[in-house]
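S.K.: Fold the following.
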Amino acid sequence: MRRTFAVMLAVLAFRFPAFSQNDSPIFRAEGVSAFVWGEDNGSGAVSSSIRDPVTGHAIHKLSYGRIEVSSRAGFESISGGEVGELLSFTTTIINNTESDLSVRQGGASVDGQVALPLSVVRTNKRLNKKERKQVWELKRMHCFSSGFLPDADFFQFNPSPRVFTVTPKTALTVSFVTKDPRYYPILCSVQGCYPKGTIRFSVTVNAADFVFSWPGRAVVNCGR
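M.R.: Prediction:
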């Protein structure tokens, strides 16, 4: 699988080692194979886009061989009067091969700025005050509580990120939630409000990164 040097650099920008949420990320200098949605020339991957039959919103798909990865993206204002926006990505990996697939979090960037995954919990009732400040409750995120995005599994901010396994002839759906790292990230007009710039998200399947690029105006406002 051959990719251009420019694509390899783009993939490196998604890779980051363990560090605290207040630290600046240091990218690993390692090369991996990458498939970028919309850039299929010579890679063997096929990009496509369909509309959700219920909501009518776009779902991007990247297929390589017998592996299909699809992605949806949404955004919403942070609840509780806090300033900022949450960006949410849901990815479904379909394994039509005869072998297990390993799935790991790739990363996200917003106009070139790294956006780290948030720690998500279904409820914080059993956590102490300090722990509650470090996690985000699922019920606070309308993109998930409304059913717009599924809430089966999540990539989390963790020094040892979880590795998911997709067995043959099955599928896995996993989500990634982050806070937009920019100031004033939303642009509003008569057409509505949406994030400025370009948002990128990737997921790693075995040794390949599947990268999805979303223009801000294509990200769905799934807030209240």
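S.K.: Any regions of this protein where pLDDT drops low?
M.R.: The chain contains residues with pLDDT under 70 at 1-32, 80-82, 224.
S.K.: So which residues of it form helices?
M.R.: 5-12, 129-132, 142-145 (DSSP state H).
S.K.: residue nearest the centroid of the protein?
M.R.: In the chain, the residue lying closest to the centroid (C-alpha atoms, centre = their mean) is residue 89, at 4.0 Å.
S.K.: and that one, how far is that from residue 188?
M.R.: 22 Å (C-beta to C-beta, to the nearest Å). To be clear about C-beta, it is placed using only N, CA and C from the backbone, and glycine gets the same treatment.
S.K.: hang on, residue 140 packs against residue 79?
M.R.: Yes - using C-beta atoms under 8 Å, residue 140 is in contact with residue 79, at 5.0 Å.
S.K.: Burial check on residue 44, number of neighbours?
M.R.: Applying other C-beta atoms under 10 Å, we find 11 residues neighbouring residue 44.
S.K.: Residue 69 too?
M.R.: Residue 69, neighbours per other C-beta under 10 Å, totals 24.
S.K.: residues touching the closest residue to it other than its chain neighbours, list them.
M.R.: Leaving aside its sequence neighbours, residue 69 sits nearest to residue 210 (C-beta to C-beta, 6 or more residues apart in numbering; 4.4 Å). Residues in contact with residue 210 (C-beta atoms under 8 Å, 6 or more residues apart in numbering) are 34-35, 37, 62, 64, 69, 91, 106, 202-204.
S.K.: so which of the residues you listed is the most crowded?
M.R.: Compared across these, residue 202 has the highest neighbour count, 31 neighbours, by other C-beta under 10 Å.
S.K.: any idea how far that residue is from residue 33?
M.R.: 12 Å.
S.K.: and for the two, which residues touch both?
M.R.: By the contact definition C-beta under 8 Å, 6+ apart, residue 202 and residue 33 are jointly contacted by residue 209.
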